[in-house]
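In: Model the structure of this input:
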Amino acid sequence: MMIESWEEFNSKLDEIKSTYIECDKILYRGQPDSEYQLKTTLERYTKSEMNLENYIDITLNCINQIESFTNRNFNLPKKETIINEINSDSNSFALHLPLYEYWIYLRHHGFPSPFLDWTSSPNIAAFFAFSGQNQTKRCSIYAYIERPKCVKTHLDPGPKIWTFGPKTRAHKRHYLQKSWYTMALKAVRVSPDKSEYHDHRIISHNEILDHSNDEQDLIIEISLPKEESSKVLKCLDEQCNINYFSLFHSEEYLLKDLAFKEIW
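Out: From the prediction side, this is the model:
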């Protein structure tokens, strides 16, 4: 949907919240260009298709060099144990990822990831939508409602979104930005038992966006004019203390925040 002002966005946000008031959570994502698709960094990095096991292999191949350089021990189990835990500890409502902490580390340090970043704060999502310096006419803020009717099923092999929450050890940006993550997968049945899908192909979130419905994995895109940027960013800073420094808390972003306040 296209709207034309920040005030209209807040009214639309109130409407979405009231419509889905019984849902356990609504997640938000800001993108600086409305023409961008919902693509993960892994999708942008390679066009090669892969399944979950392929990505596990890739990330395990990197662990010795990462631990040697960072002097950090992720205590990762062997691949066979990881696969067994995913298959045995996952269910129709949650995908168990023994590598979750490690994969968040990789995502926050620039390694191509199948995770799409979200936040529980619509204002933080708005900051990321409006702070992009690219010369575009419109930006987008997405709302993701996993269970619009408070139920969800994973018992069929269609494309699904799995949600991963904030409760893990992670970079401080994970908490400053109130981060959540999603991964879009299409399960492949390997057992006559309909509850068992032991092979998961990594797919694009756009497959879900293209078939959004009011049953589950509902994604709502709100497009706003980029000319509102200065007003919105000043409002977020003054009223919510949301700015470059508060969200990244580093020397680099302190200077970026000062540049915005003094020059832009």
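
In: ranges for the helices of this protein?
Out: Under the criterion DSSP state H, helices of the chain are mapped to 6-19, 41-45, 52-70, 79-89, 100-108, 122-131, 172-176, 205-209, 229-240, 244-248, 251-262.

In: Among those, show the one with the smallest mean pLDDT.
Out: Among the helices of the chain, helix 205-209 has the lowest mean pLDDT, at a mean of 83.

In: one step back: any chance of the helices of the chain in JSON lines, with distance to residue 32 and mean neighbour count too?
Out: Yep, even glycine has a C-beta here, placed from its N, CA and C like the rest. JSON lines is the format used below for those (distance: least, CB to CB, whole Å; neighbours: other CB atoms under 10 Å):
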{"stretch": "helix 6-19", "distance to residue 32": "15", "mean neighbour count": "14"}
{"stretch": "helix 41-45", "distance to residue 32": "14", "mean neighbour count": "16"}
{"stretch": "helix 52-70", "distance to residue 32": "27", "mean neighbour count": "14"}
{"stretch": "helix 79-89", "distance to residue 32": "34", "mean neighbour count": "14"}
{"stretch": "helix 100-108", "distance to residue 32": "19", "mean neighbour count": "20"}
{"stretch": "helix 122-131", "distance to residue 32": "6", "mean neighbour count": "23"}
{"stretch": "helix 172-176", "distance to residue 32": "18", "mean neighbour count": "14"}
{"stretch": "helix 205-209", "distance to residue 32": "17", "mean neighbour count": "19"}
{"stretch": "helix 229-240", "distance to residue 32": "9", "mean neighbour count": "15"}
{"stretch": "helix 244-248", "distance to residue 32": "14", "mean neighbour count": "19"}
{"stretch": "helix 251-262", "distance to residue 32": "14", "mean neighbour count": "13"}
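
In: Out of those helices, which gets nearest to residue 29?
Out: Nearest to residue 29, of all the helices of the chain, is helix 122-131, at 5.6 Å by CB to CB.

In: Just the CA trace of that closest one, in CSV.
Out: C-alpha atoms of helix 122-131 as CSV (Å, rounded to 0.1, in the frame of the first residue of the first chain):
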residue,chain,number,x,y,z
PRO,A,122,8.2,0.1,14.0
ASN,A,123,10.2,3.2,14.7
ILE,A,124,13.5,1.4,14.3
ALA,A,125,12.3,0.0,11.1
ALA,A,126,11.3,3.5,10.0
PHE,A,127,14.8,4.7,10.8
PHE,A,128,16.4,2.2,8.5
ALA,A,129,13.9,3.0,5.8
PHE,A,130,14.5,6.7,5.8
SER,A,131,18.2,6.9,6.7
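
In: elements contacting it?
Out: strand 27-31, strand 138-145, helix 229-240, helix 244-248 (3 or more CB pairs under 8 Å, 6 or more residues apart in numbering; DSSP states H and E).

In: Show me the contact partners of the third one.
Out: Residues outside helix 229-240 that contact it (CB atoms under 8 Å, 6 or more residues apart in numbering) are 6, 123, 126-127, 130-131, 139, 242-243, 260-261, 264.

In: Between which two of those residues is the distance greatest?
Out: Within the contacts of helix 229-240, 139 and 261 form the most distant pair, 20.5 Å apart (CB to CB).

In: Contact partners for residue 261?
Out: The contact partners of residue 261, taken as CB under 8 Å, 6+ apart, are residue 237.
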